[in-house]
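Peer 1: build me a model:
(one chain, ligands or ions: 2)
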Amino acid sequence: MGGGMQPRFDGTSSRRLLARLRDIMAGSGSGQDRLDKIVTLIAAEMKADVCSCYVMRAGEVLELFSTEGLNKTAVHNTRLRVGEGIVGYIAGHARPVALDNAPSHPSFAYRPETGEDPFQSLAGVPILRGSKVRGVLVIQHKDRRRYVEEEVETLQTIAMVVAELVAQSELVNPVEVTTTGDPVLLPARLSGTAMSAGLAMGLAVIHRPQLTIRQMVAEDADAELERFNTALQTMHSAIDDLLEAASLAGLSEPRDILETYRMFAEDRGWLSRIREAIRVGLTAEAAVQQVQNDTRARMSHLTDPYIRERLMDFEDLTNRLLQHLAGKTNGTDGATLPDDMILVARSMGPAELLDYDRTRLRGLLLEEGSPASHVCIVARALNIPVVQAGDALNRIEPLDQLIVDGDHGQVFIRPAEDIQMAFSEAVALQHRKEQMYAEIRNLPSVTRDGVPISIQLNCGLLIDLPHLTASGAEGVGLYRTEIPFMVRASYPDVTAQTTLYSRIMDEVGDKPVVFRTLDVGGDKMLPYMTGGEEENPALGWRAVRIGLDHPSLLRQQLRALLLAAAGRPLSVMFPMIAEVAEFDGARRLLELELKRLEAQGLAPPSGLRVGTMLEVPSLLWQLPALLPKLDFLSVGSNDLMQYLFAADRGNPRTSTRYDPLSPSMLCVMRRLVDECARHKVSLSICGEMAGRPLDAMALIGVGFRTLSMSPPSVGPVKTMLRSLDVAALRQYMSGLYTGADHSLRDKLKTFGRDHGVII
Ligand code: PEP
Ligand code: MG
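Peer 2: Ligands and ions are numbered 1, 2, ... in the order given. A predicted model of the protein is given here:
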């Protein structure tokens, strides 16, 4: 075969080649056989002197897997590192290359064993799957020639087919790959941030996965164009609907998506490239995917965050378009999902998480997000471990084995057998513990020396409430009312709030529930609330401060609570109170609402209890003035810690710098116990420390008798307290308050161990 005068490679040649490719893929034979046939076909149809396929092996090495035109003995012997030679250059840059004078290219590397020295021209494309390079496909010609766009695009299309062969492990034995150091397929560990505790093992499910395209080549280009136009139209209206909903709700994110869409719609280049690919003979899906691969290749080396965001938008739109083409609107199709699944996502909303079948969902891995993000709040409520780690999507393939360690913020990808064994044991142990917790559920919550301790729950969503029965907790010590406000698109009116609070009261039945009024601001901004940027949000305009400045907001919430109670008992708690005057102000609003209720002839609550959180240290010096006004007081130790030690709870550098088990914090706690006892005010604690067994032990030692915690903490804390002798602990702790220690954690741990406390 030679360069010479050949008929131009055009749309017809491309269609014929792709039709034959389809026959090869539909036919029988091993992966290697099919690859050999593909390479021979390309060389023949493209009148090339050489066609070769390199596949990525362990250690970022490109191995010659098949060739027509080079020495066959080089197959499986010639290996190039990524970046080495033109083939390595194509892999390294993940983009096509077409050269009429290959030897003059700075990356040219001569490999005598291949016998390739007489070839002047070279066109090569990366074999891409997702955003990963899985190999390189090249053609070469003896003479110098300019490659036409159709040739490169046809190679790209074929590369997509070969990518499927590689991904299905038909070419590379997965065992070989997993034992030799391939950064793509080797076991790997991602270190990230723990966002929801627990351990989970399962198979990776990529949220909004790339759809697998079964058919690359179309019989009828006009019909495909028609399908494409229809899908585009459907996507258009779907996004318009979204925009309308977003405008009503005042949200900005979907509007951004729409703007991106418009940018594309007006980008004739994008649409015409897809239509052109369809005219050449691709199915609409393959054409959309090919243009996306190309876009990704062009943009993937850019690090500018704005461009990376846009690249994500391109991906998002491609996926949407592919889903519309497939006639599907979401990727949560239950039938195809594994029984134990670990969801992997760039980011996700709480509703999207709830779209998945909860009985199969074992863990969640996010590239972006914070523990306070809504999806994490929901995941914790569902008891699903969550880890946030960057670069997850690049390193994980669908159905990869994963271990999510939500206690230590790490993820094991394709773990080796010994790690799998160790974690299976840890997961089994966790299950055994859960069984044990279930067994003690109905046993009394009393210490070994007979001191009753009331265990209550912290809740914030209706889905938390079934835990009340399941855990055996006595009531809800903290209902964070802001969470429903945060996941809504607009401010819920009195009727909506009344319905919600009334449902909560119905669900808890006879058990008590403490409603905390809106605690927003700071890091918990409402999407529809405009407060302006604050330099120190934690010290800013938040919680009851907002309620006092906008009394109608707080009054509406109090009104809804009174209406929902409809003659039932009601407990209301105000957050972030810093002085008695603030409590008085909030209480006055409640009185006004009570009067209003009375004026309407409606029944007041059968027992109204009003309390405050203790989160701001200034209040500690007003206890004698405050306590006579209160029915109860609950310590918000999360905020109290940050204000007491001047250490931001959301900043990893400061959030663990000081220990709640420090003499100063425990002195504060002891003082609260004494003062509340003197004024006969019930005292509880609802910060995170109440849910950690060792911290809870110390709190009981200090004198707390009511602890409110998230549902998964109930079992461990109850197990601890049932093994605790409070009198001995109290005696031991009496010598600890005045010391100079940074932390009393180790001493308390030693006490626990020496006295058989199960921590
Ligand atoms: C706290 O501050 O301890 C508390 C329980 O409130 P939140 O964590 O909701 O601020
Ligand atoms: Mg707080």
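
Peer 1: what about residue 37, distance to residue 69?
Peer 2: Distance of residue 37 to residue 69, computed by CB to CB, to the nearest Å: 15 Å. Placement of C-beta: from N, CA and C, glycine included.

Peer 1: what do you get for residue 276?
Peer 2: Counting by CB to CB, the gap from residue 276 to residue 69 is 29 Å.

Peer 1: follow-up on the earlier one: ok, residue 37 and residue 69, which is more surrounded?
Peer 2: With neighbours defined as other CB atoms under 10 Å, residue 37 and residue 69 compare such that residue 69 has more, 22 against 19.

Peer 1: ok, that one - contacts?
Peer 2: Applying CB atoms under 8 Å, 6 or more residues apart in numbering, we find residue 69 in contact with 43, 48-52, 140.

Peer 1: so residue 669 touches residue 696, yeah?
Peer 2: No: applying CB atoms under 8 Å as the test, residue 669 and residue 696 come out as separate, 11.9 Å apart.

Peer 1: on the three-state scheme, whatever residue of the stretch 151-300 of the chain ends up closest to ligand 2 is what?
Peer 2: Relative to ligand 2, the nearest point of the stretch 151-300 of the chain is residue 195 (18.5 Å; CB to the ion). Three-state call for residue 195 (DSSP: H, G, I helix; E, B strand; the rest coil): strand.

Peer 1: do the same with residue 724
Peer 2: Applying three-state DSSP: residue 724 is coil.

Peer 1: could you do residue 506 as well?
Peer 2: helix.

Peer 1: OK, contacts around the closest residue to residue 64 other than its chain neighbours?
Peer 2: Take residue 64 and drop its neighbours on the chain: the residue closest to it by CB to CB, 6 or more residues apart in numbering is residue 78, 4.1 Å away. The neighbours of residue 78, taking CB under 8 Å, 6+ apart as the test, are 63-64, 111, 113-114.

Peer 1: now list the buried members of the residues you listed.
Peer 2: Those of the contacts of residue 78 that meet the buried threshold are 63-64, 111, 114, by 16 or more other CB atoms under 10 Å.

Peer 1: all helices of the stretch 501-650 of the chain, in order?
Peer 2: 544-549, 551-565, 580-599, 623-626, 637-644 (DSSP state H, counting those that start in this stretch).

Peer 1: could you dump these into a markdown table with mean neighbour count added?
Peer 2: Compiled in a markdown table, the helices of the stretch 501-650 of the chain are given as follows (neighbours: other CB atoms under 10 Å):
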| stretch | mean neighbour count |
| --- | --- |
| helix 544-549 | 19 |
| helix 551-565 | 21 |
| helix 580-599 | 16 |
| helix 623-626 | 17 |
| helix 637-644 | 21 |
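
Peer 1: as TSV, these with mean pLDDT would be great.
Peer 2: Listed next are these as TSV, based on pLDDT from 0 to 100:
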stretch	mean pLDDT
helix 544-549	94
helix 551-565	97
helix 580-599	98
helix 623-626	98
helix 637-644	95
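
Peer 1: any idea how far residue 408 is from the residue of the stretch 151-300 of the chain closest to ligand 2?
Peer 2: 12 Å.

Peer 1: neighbour count: those two, which is higher?
Peer 2: residue 195 (24 against 12).

Peer 1: pretty sure the more buried one contacts residue 386?
Peer 2: Yes: contact criterion CB under 8 Å: residue 195 and residue 386 qualify, at 4.0 Å.

Peer 1: mutual contacts of the two, please.
Peer 2: 366, 369, 376, 379, 406.

Peer 1: moving C-terminal of the helix or strand encompassing the fourth one, what's the next helix or strand?
Peer 2: I take that to be residue 379. With elements taken from DSSP states H and E, the one containing residue 379 is helix 374-381. Sequence-wise, the next helix or strand downstream of helix 374-381 (DSSP H and E) is strand 386-388.

Peer 1: which strands or helices does that next one pack on?
Peer 2: Judged by 3 or more CB pairs under 8 Å, 6 or more residues apart in numbering; DSSP states H and E, strand 386-388 is in contact with strand 193-196, strand 361-366, helix 374-381, strand 401-405.

Peer 1: could you dump the ones you listed to a markdown table with mean pLDDT and distance to residue 549?
Peer 2: A markdown table is the format used below for those (pLDDT from 0 to 100; distance: least, CB to CB, whole Å):
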| stretch | mean pLDDT | distance to residue 549 |
| --- | --- | --- |
| strand 193-196 | 88 | 33 |
| strand 361-366 | 95 | 35 |
| helix 374-381 | 75 | 25 |
| strand 401-405 | 94 | 42 |
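
Peer 1: need these in TSV (columns: distance to ligand 1).
Peer 2: Shown next, in TSV, are the helices and strands packed on strand 386-388 (distance: least, CB to the nearest ligand atom, whole Å):
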stretch	distance to ligand 1
strand 193-196	15
strand 361-366	21
helix 374-381	10
strand 401-405	24
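
Peer 1: can you lay out these as a markdown table showing distance to residue 609?
Peer 2: As requested, those are exported to a markdown table (distance: least, CB to CB, whole Å):
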| stretch | distance to residue 609 |
| --- | --- |
| strand 193-196 | 32 |
| strand 361-366 | 37 |
| helix 374-381 | 25 |
| strand 401-405 | 41 |
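
Peer 1: let me know which of these is the nearest to residue 603.
Peer 2: Of all the helices and strands packed on strand 386-388, helix 374-381 sits nearest to residue 603, with 32.2 Å by CB to CB.

Peer 1: and the furthest pair within the shared contacts of residue 195 and residue 386?
Peer 2: 369 and 406 (13.0 Å).

Peer 1: need the overlap of contacts for those two.
Peer 2: Common neighbours of residue 369 and residue 406 (CB under 8 Å, 6+ apart) are 195, 386.

Peer 1: higher neighbour count, those two?
Peer 2: residue 406 (25 against 21).
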